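In: Predicted model and sequence below, questions to follow.
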Amino acid sequence: MEVGKTAERRDVVTLGTGKDRAAEVGTTIKTKIERGDRYSAPEVYNLEISICEVLRGEGALEHLGKKGVSTLVLKAEFELVLVRVRFGFFSKGRGFGHQREPYKITEDCFAAVSPDGITEYEIPTMKRQPQPALINTPFVPGDVREGWVAFQIPEGEERAFLIFKRDYTENAYGFWGPVWFQLFPGR
């Protein structure tokens, strides 16, 4: 499926909601997040997330070398995985309009996880994320950007997943768990 195209309507509701329904590379998932605090009504924002490209091992290291990132530290027997993500942040779906600060994707918003969905792999130590970076980039409603995020997974792992962790998992509007993506095609 081409990047930017959404899944067929029958899959839109469930696609990305679990490891057995993880979205493939190139599939756009439309979802929502909440913003706010416990003292005010939450704001609900629409998101569109897709994985555009995945580089691993030597290909990922070569890409980093071209971008001038040289301070990478990986755990023993782990390899580098770079993921180019398209992230769209859109006007609220519900709320009072009082959330004014830009939304930032922090380092812990995305995680590479084991095939069983239980173990989150540590983010590699590096001075800065590959450019253009998605981490710590501010989003205001209407922004759509692509950027790279770095992960490390065990060498040779073919069935790892990427998850996007939403800000709130239990809320006034329901239970929203992470959004699941396959890191490697056909797995």
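Out: Happy to help now that I have it. Fair warning: this is a prediction, and the values are worked out from it, not measured in the lab. Residues are numbered from 1 along each chain as shown.
In: mind listing the helices in this protein by residue range?
Out: For the chain, the helices defined by DSSP state H cover 9-12, 57-67.
In: need the least confident one among the ones you listed, by mean pLDDT.
Out: Least confidently modelled of these is helix 9-12, at a mean of 44 by mean pLDDT.
In: Longest strand in this structure, please.
Out: strand 78-94 (DSSP state E).
In: Could you spell out the sheet neighbours of that one, each with its direction?
Out: strand 43-56 (antiparallel), strand 143-154 (antiparallel) (DSSP bridges).
In: gap between the first one and the chain center?
Out: Going back to what we said before, that points to strand 43-56. Computed by CA atoms, centre = their mean, to the nearest Å, the chain-centroid distance of strand 43-56 equals 5 Å.
In: Restricting to C-alpha, output it in PDB.
Out: Provided in PDB are the C-alpha atoms of strand 43-56 (Å, rounded to 0.1, in the frame of the first residue of the first chain):
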ATOM      1  CA  GLU A  43      -8.900  18.000  24.400                       C
ATOM      2  CA  VAL A  44      -9.100  15.300  21.700                       C
ATOM      3  CA  TYR A  45      -6.900  15.700  18.700                       C
ATOM      4  CA  ASN A  46      -6.900  13.700  15.500                       C
ATOM      5  CA  LEU A  47      -3.600  12.000  14.400                       C
ATOM      6  CA  GLU A  48      -2.500  10.300  11.200                       C
ATOM      7  CA  ILE A  49       0.600   8.100  11.600                       C
ATOM      8  CA  SER A  50       2.400   6.000   9.000                       C
ATOM      9  CA  ILE A  51       5.800   4.300   8.700                       C
ATOM     10  CA  CYS A  52       7.400   5.400   5.500                       C
ATOM     11  CA  GLU A  53      10.700   3.600   5.600                       C
ATOM     12  CA  VAL A  54      12.700   1.300   7.800                       C
ATOM     13  CA  LEU A  55      16.500   0.900   7.600                       C
ATOM     14  CA  ARG A  56      18.400  -1.500   9.800                       C
END
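In: Can you give me the buried ones in it?
Out: 43-52, 54-56 (16 or more other CB atoms under 10 Å). For every residue, glycine as well, the C-beta is placed using N, CA and C.
In: how far off helix 57-67 does that strand point, in degrees?
Out: 110 degrees (axes from the mean of the first three to the mean of the last three CA atoms, to 10 degrees).
In: How about the shortest one?
Out: With the same axes, to 10 degrees as the basis, strand 143-154 and helix 57-67 are set at 130 degrees to each other.
In: So what touches strand 143-154?
Out: Contact with strand 143-154 is made by 48, 52, 56, 60, 72, 74-75, 77-89, 110-112, 121-124, 126, 129-135, 137, 139, 160, 162, 183, as judged by CB atoms under 8 Å, 6 or more residues apart in numbering.
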